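In: coords please:
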Amino acid sequence: MKLRLKNTPEQVELIKAMASRDGNVAREAGEAFAAFLGPVVNKVLMQAGTASAVYTDLPFDEDDSPSIPLDLFAGEGEGYVSTWSQTVAGGLPTATVEGFSEMKVSTYRLDSAVSFLKRYARRGRLDVVSKAVERMANEVLIKQERNAWAVVLKALGSSGRVLEKAGGADSTFQLSMLNALVTSVKRVNTSYAGGSTTDAYGLTDLFVSPEVKEDIRAFAYQPITTSNTNLPDSVREGIYSNAGAQEIYGISIHELIELGEGQKYQTLFNDFYSGGTWDSTTDELVIGLDLTKDAFVRPVARQAESGGTFTALPDDQFVSRSEKIGFYGFLEEGRVCIDSRAMYGLTVSNA
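Out: You can find the predicted model right below:
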């Protein structure tokens with residue numbers, strides 16, 4: 001995501017002041033810029049990330065020990081529930097069987113540091129400073145997304161609720177596949193609800209690769225035949241006018257670049273999945289989620305001074321003779337799946 005600083009006289013003077021040879025002036029300017037930097041990066045993380053659409057934030061005070069009342073979030077009053085989380089950033093998500101009580105959550109710090117030469121600041125090079133801010137935001141975003149989706153993919157791979165090759169020999173995504181997935185979702189939730197359909201949840205969101213999204217866009221001009229029933233013209237027109245169908249059967253469609261043959265999320269899922277006929281080199285993964293449940297929770301530390309979740313500070317490792325200015329930023333968060341009934345998957349054979 002691109003970031004640009006506004007080219008105003010005040011902004012330029014602040015940038016120049018960070019390179020002042022007067023240590024007090026440079027320090028004050030650096031602290032002022034860092035205070036501005038934190039909210040900007042936090043806004044980027046919320047808007048540019050896909051995981052923010054999946055996880056519900058659970059803020060807690062920094063230096064506190066976050067916990068989740070499972071009886072409220074899971075919607076059950078007795079028994080046990082399997083949760084998925086990771087204790088360190090980049091670690092393997094693991095399952096824990098918990099009773100319906102307070103669940104303590106492990107969190108970890110995600111950080112990034114950037115620096116640039118003082119001469120760029122003295123010249124008022126806002127483009128260089130903007131690139132530094134952009135680099136910091138993107139580094140944290142990549143780490144954040146990978147950790148968030150690792151929990152989803154691990155829980156999905158171990159759930160046993162992936163319809164393999166739902167379309168049989170078909171090499172494209174078909175409506176019949178989605179229809180079969182919706183039925184599977186209903187059956188799973190009905191069984192958990194004790195045989196009653198009144199409390200059964202559905203499917204709200206699909207996360208697909210660009211190739212599967214291409215198949216969906218093709219619905220606009222390629223007739224779909226299932227049981228001798230063609231897709232109505234009005235539906236195809238809607239797909240065409242909405243630039244590729246953001247919604248089918250009331251289910252929102254999201255495109256993930258990281259899904260697809262040889263892509264990192266699909267490769268990660270391949271490491272987690274224990275299914276029999278899945279082939280990551282020829283099959284496409286489609287992730288279905290029920291976001292009406294608060295099944296995915298993100299405990300995130302709220303900083304005492306700023307009240308924000310991302311903190312940026314001047315980097316004091318650079319001595320005067322290095323002629324560099326630096327900043328570092330961090331946030332503390334965790335990712336937890338507390339109800340695996342909210343996730344489903346299917347694979348599309350592209351062999």
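In: and the strands in the stretch 151-300 of the chain?
Out: Assignment of strands within the stretch 151-300 of the chain using DSSP state E, counting those that start in this stretch yields the ranges 162-163, 205-208, 225-226, 229-230, 247-248, 251-255, 283-289, 296-302.
In: what mean pLDDT does the fifth one get?
Out: I take that to be strand 247-248. Mean pLDDT, strand 247-248: 80.
In: and stretch 333-345, what's buried?
Out: Across stretch 333-345, burial judged by 16 or more other Cβ atoms under 10 Å covers 333-345. No exception for glycine: its C-beta is placed from N, CA and C like everyone else's.
In: three-state assignment of residue 58?
Out: Three-state call for residue 58 (DSSP: H, G, I helix; E, B strand; the rest coil): strand.
In: buried stuff in stretch 292-301?
Out: Buried-residue list, stretch 292-301, by 16+ other Cβ under 10 Å: 293-301.
In: format the strands of the stretch 151-300 of the chain as JSON lines; extra columns: distance to residue 90.
Out: Listed next are the strands of the stretch 151-300 of the chain as JSON lines, based on distance: least, Cβ to Cβ, whole Å:
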{"stretch": "strand 162-163", "distance to residue 90": "24"}
{"stretch": "strand 205-208", "distance to residue 90": "21"}
{"stretch": "strand 225-226", "distance to residue 90": "42"}
{"stretch": "strand 229-230", "distance to residue 90": "47"}
{"stretch": "strand 247-248", "distance to residue 90": "34"}
{"stretch": "strand 251-255", "distance to residue 90": "24"}
{"stretch": "strand 283-289", "distance to residue 90": "21"}
{"stretch": "strand 296-302", "distance to residue 90": "16"}
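In: sorry, back to before: farthest-apart pair in the buried residues of stretch 292-301, please.
Out: Greatest spatial distance among the buried residues of stretch 292-301 (Cβ to Cβ): 293 and 301, at 24.3 Å.
In: what stretches of the stretch 101-250 of the chain score poorly on pLDDT?
Out: The model of the stretch 101-250 of the chain has pLDDT under 70 over residues 165-170, 189-201, 221-245.
In: once you drop chain neighbours, what's closest to residue 247?
Out: residue 253 (6.5 Å; Cβ to Cβ, 6 or more residues apart in numbering).
In: one more: residue 258?
Out: Excluding the flanking residues, the one nearest residue 258 by Cβ to Cβ, 6+ apart is residue 265, at 3.9 Å.
In: related to what we said a few turns ago, closest one to residue 287 out of the buried residues of stretch 333-345, please.
Out: For these, the minimum distance to residue 287 (Cβ to Cβ) is 5.5 Å, reached by residue 345.
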